[in-house]
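Novice: Give me coordinates for this.
(2 chains)
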Amino acid sequence: MSGSDELLNNYLVVGALLFTLGAVGFLTRRNLIVMFLCAELMLQGVSLTLVGFSGYHGTWGGQVMSIFSLSLAAAEAGIALALFVVLFRRGHSLDVSIWQDLREEDQPPVEDDHSTDVTVPEPVWPHLAPAGHLPDHTPPAGRYPQTPVGVNAEGAGAHG
Amino acid sequence: MGAHLPLTLAAPILAASRLGTLLANSQVQFALRVLALLAPAFVGLFLMLPRGGRRGSVLARALGGALITGSLALLVTVPLPALGAAVAGSQATILWSLPDTLTCYTFHALALVSVASAVLMITSRNPVYSALWFALVLLGNSGLYLLQRAEFLAAATIIVYAGAIVVTFLFVIMLAQPNGAAAYDRQSREALMVSLTGLLLGGVLLGAIHQVMVGEGRGAVAGKVARPSAVVVANVADTQSATVRVTPETHVRGLGKTLFLDHVVGVEITGVLLLAAVVGAMMIAGHRIEESHVRK
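Specialist: So this is what the prediction gives:
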């Protein structure tokens, strides 16, 4: 099993497919978070390639590289998600298009096609049907004093 | 201007003859065959990408899924000759069948899980679903790591990626998009051009892999790539003897040895990087924004 050409070829092909799918998603999606997930997908494709080579040669190098890329991805995700939170607080949207004034001066603006815009319906939250009477919340008289002990009119007046 | 007129008339004929010689070129034929295998997948991807509208795309999504499945089936079934057919038997499918039946089925099932989840991840209209499909990609990839006896990496992928990173994604999505869907999630930018780009990128990658693995014969990669150093090999086993397997005891021990002896500087630097990332994330996200800087 170790060092077989067949397995190496298949790992390279699947890694290439994952990388391509990640690239397509990164280029075409508009949500910042989905774009970042697509970048992670590209990392996964590369990681699969590294592990395939590691198994083919019977050495640890590819796995070590994969572990490094894993920790890099974790650091990257932390920073990127913090940035997304800040960007969302400023722009109230995760759309990348609203940040396009950061582009170079000579670049034309990206015009998004609004002809097929759909209004996203408000989510319908489940509501509970009333069941029975609202219970009486007033505490039973005599057991708990209505006014706390020790606080009386003159005390409140002195503090006020 | 008049002198240019015959040239203009001759241009289509010239172009046609040039196209003929181009098509007769074996390299172009090889490229076209690879692209033809992949083309249905990217047509399907184009159909599946969100392009506005709410309901009408169910049929398009189903058709796209069928096309992608068909293209993946083509990758497994259709044999493709490599360039320079001097090597005997240099004709193979893009995804080979493995000699061990159980490994073959396991690999193809896991690869199908990974690729199909990746397709659904980049085409789903709700970022929460995207994150969950990404978790499924990670599970498929972990299975593929296990198949290469990278147990530690498989466990680390599930714990770090699926357990921590995807969950953090879900937190941020729920923080930023409590309603789940937004109008910009239902559109994709330049879907046609991007699908073509993906077709070209995938064709180049798969064609290059196929050419190296098939066209240059078995063991070509092993012959070309420099052998690993003797120290590393001594830790494992002889790489060429396929019968020797790394047992689980030596596995993580060997990985740890390599990681903390040969790559100890890298480990330290990664640790510093993670610390810096944590501090940086707190600095960035914990900063309160002045009201005047808020847009809209």
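Novice: Wondering if the helix or strand encompassing residue A:41 reaches chain B at all.
Specialist: According to DSSP states H and E, residue A:41 maps onto helix A:32-57. Yes. Helix A:32-57 lies within reach of chain B by Cβ under 8 Å from any Cβ of the partner chain, at A:33-34, A:36-38, A:40-41, A:44, A:47-48, A:51-52, A:54-57. Using the backbone N, CA and C atoms, a C-beta is placed for each residue, glycine as well.
Novice: Show me what that helix is packed up against.
Specialist: Applying 3 or more Cβ pairs under 8 Å, 6 or more residues apart in numbering or on different chains; DSSP states H and E, one finds that helix A:32-57 contacts helix A:5-28, helix A:61-91, helix B:101-123, helix B:127-147, helix B:166-176, helix B:220-224.
Novice: and the angle for that helix with helix B:101-123?
Specialist: 160 degrees (axes from the mean of the first three to the mean of the last three Cα atoms, to 10 degrees).
Novice: lowest average confidence, helix or strand, in chain B?
Specialist: Least confident helix or strand, chain B: helix B:230-235 with a mean of 46, by mean pLDDT, DSSP states H and E.
Novice: Helix or strand next in line after that one, which one?
Specialist: Helix B:230-235 is succeeded, C-terminally, by helix B:248-257 (DSSP H and E).
Novice: What residues does the closest residue to residue A:10 other than its chain neighbours make contact with?
Specialist: Distance criterion Cβ to Cβ, 6 or more residues apart in numbering or on different chains; nearest residue to residue A:10, sequence neighbours excluded, is residue B:95 at 5.5 Å. Applying Cβ atoms under 8 Å, 6 or more residues apart in numbering or on different chains to residue B:95 gives the contacts A:9, A:10, A:13, A:14, B:75, B:76, B:108, B:111.
Novice: 7 Å instead, please
Specialist: Neighbouring residues of residue B:95 by Cβ atoms under 7 Å, 6 or more residues apart in numbering or on different chains: A:10, A:13, B:75, B:76.
Novice: could I get those as JSON lines with neighbour count and pLDDT?
Specialist: Shown next, in JSON lines, are these (neighbours: other Cβ atoms under 10 Å in any protein chain shown; pLDDT from 0 to 100):
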{"residue": "A:10", "neighbour count": "27", "pLDDT": "92"}
{"residue": "A:13", "neighbour count": "26", "pLDDT": "94"}
{"residue": "B:75", "neighbour count": "19", "pLDDT": "88"}
{"residue": "B:76", "neighbour count": "15", "pLDDT": "87"}
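Novice: Tell me which of the helices and strands packed on helix A:32-57 sits most buried.
Specialist: Among the helices and strands packed on helix A:32-57, the stretch with the highest mean neighbour count (mean count of other Cβ atoms under 10 Å in any protein chain shown) is helix A:5-28, at a mean of 25.
Novice: ok, now how distant is the residue positioned nearest the centre of chain A from residue B:172?
Specialist: Against the mean C-alpha coordinate of chain A, by Cα atoms, centre = their mean, the closest residue is residue A:33 at 5.5 Å. Counting by Cβ to Cβ, to the nearest Å, the gap from residue A:33 to residue B:172 is 6 Å.
Novice: got any residues that touch both of these two?
Specialist: residue A:84.
Novice: Can you tell me the number of residues neighbouring whichever residue of the stretch 51-200 of chain B sits closest to chain A?
Specialist: Nearest to chain A in the stretch 51-200 of chain B, going by Cβ to the nearest Cβ, is residue B:52, at a distance of 2.7 Å. Using other Cβ atoms under 10 Å in any protein chain shown, residue B:52 has 16 neighbouring residues.
Novice: Where does pLDDT dip in chain A?
Specialist: A:1-3, A:112-123, A:142-160 (pLDDT under 70).
Novice: ok, now with 50
Specialist: A:1-2, A:153, A:155-160 (pLDDT under 50).
Novice: what's the answer for chain B, then?
Specialist: B:1-2, B:226-248, B:296.
Novice: one more time with 80
Specialist: B:1-11, B:22-26, B:51-57, B:81-92, B:176-183, B:215-251, B:287-296 (pLDDT under 80).
Novice: so residue A:16 makes contact with residue B:205?
Specialist: Yes. Under the criterion of Cβ atoms under 7 Å, residue A:16 makes contact with residue B:205 at 3.8 Å.
Novice: closest to residue B:275 out of the helices and strands packed on helix A:32-57?
Specialist: helix A:61-91 (9.2 Å; Cβ to Cβ).
Novice: Can you check what angle separates the closest one from helix B:248-257?
Specialist: 60 degrees.
Novice: Can helix A:61-91 be said to contact chain B?
Specialist: Yes. Contact of helix A:61-91 with chain B is found when judged by Cβ under 7 Å from any Cβ of the partner chain, involving A:61, A:63-64, A:66-68, A:70-71, A:73-75, A:77-79, A:81-86, A:88-91.
Novice: Now residue 77. Nearest residue, chain neighbours left out?
Specialist: In the absence of a named chain, this looks at chain A. residue B:165 (4.7 Å).
Novice: Sorry, I should have been clearer: chain B.
Specialist: residue B:93 (6.3 Å).
Novice: what's the neighbour count on that neighbour?
Specialist: 18.
Novice: ok, now residue A:136?
Specialist: Neighbours around residue A:136, by other Cβ under 10 Å: 7.
Novice: Tell me the secondary structure at it.
Specialist: Secondary structure for residue A:136, judged by DSSP: H, G, I helix; E, B strand; the rest coil, is coil.
Novice: For it, give its distance to residue A:128.
Specialist: Distance, residue A:136 to residue A:128, using Cβ to Cβ: 20 Å.
Novice: Repeat that for residue B:26.
Specialist: The value you get for residue B:26 to residue A:128, if Cβ to Cβ is used, is 71 Å.
Novice: neighbour count winner among the two?
Specialist: For residue B:26 versus residue A:128, neighbours defined as other Cβ under 10 Å are more numerous around residue B:26 (11 against 5).
Novice: which ones are touching the nearest residue to that one once chain neighbours are set aside?
Specialist: Nearest residue to residue B:26, sequence neighbours excluded (Cβ to Cβ, 6+ apart): residue B:83, at 6.2 Å. The neighbours of residue B:83, taking Cβ under 7 Å, 6+ apart as the test, are B:26, B:27, B:30, B:211, B:215.
Novice: Export the contacts of residue B:95 to JSON lines and append columns for distance to residue B:124.
Specialist: Formatted as JSON lines, the contacts of residue B:95 follow (distance: Cβ to Cβ, whole Å):
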{"residue": "A:10", "distance to residue B:124": "27"}
{"residue": "A:13", "distance to residue B:124": "24"}
{"residue": "B:75", "distance to residue B:124": "23"}
{"residue": "B:76", "distance to residue B:124": "25"}
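Novice: for the spatially most central residue of chain B, what are its contacts?
Specialist: Nearest to the geometric centre of chain B sits residue B:115, at 7.9 Å (Cα atoms, centre = their mean). Shown in contact with residue B:115 (Cβ under 7 Å, 6+ apart): A:14, A:17, A:18, B:72.
Novice: Could you rerun that using 10 Å?
Specialist: By Cβ atoms under 10 Å, 6 or more residues apart in numbering or on different chains, residue B:115 lies in contact with A:13, A:14, A:17, A:18, A:21, B:41, B:68, B:72, B:75, B:137, B:140.
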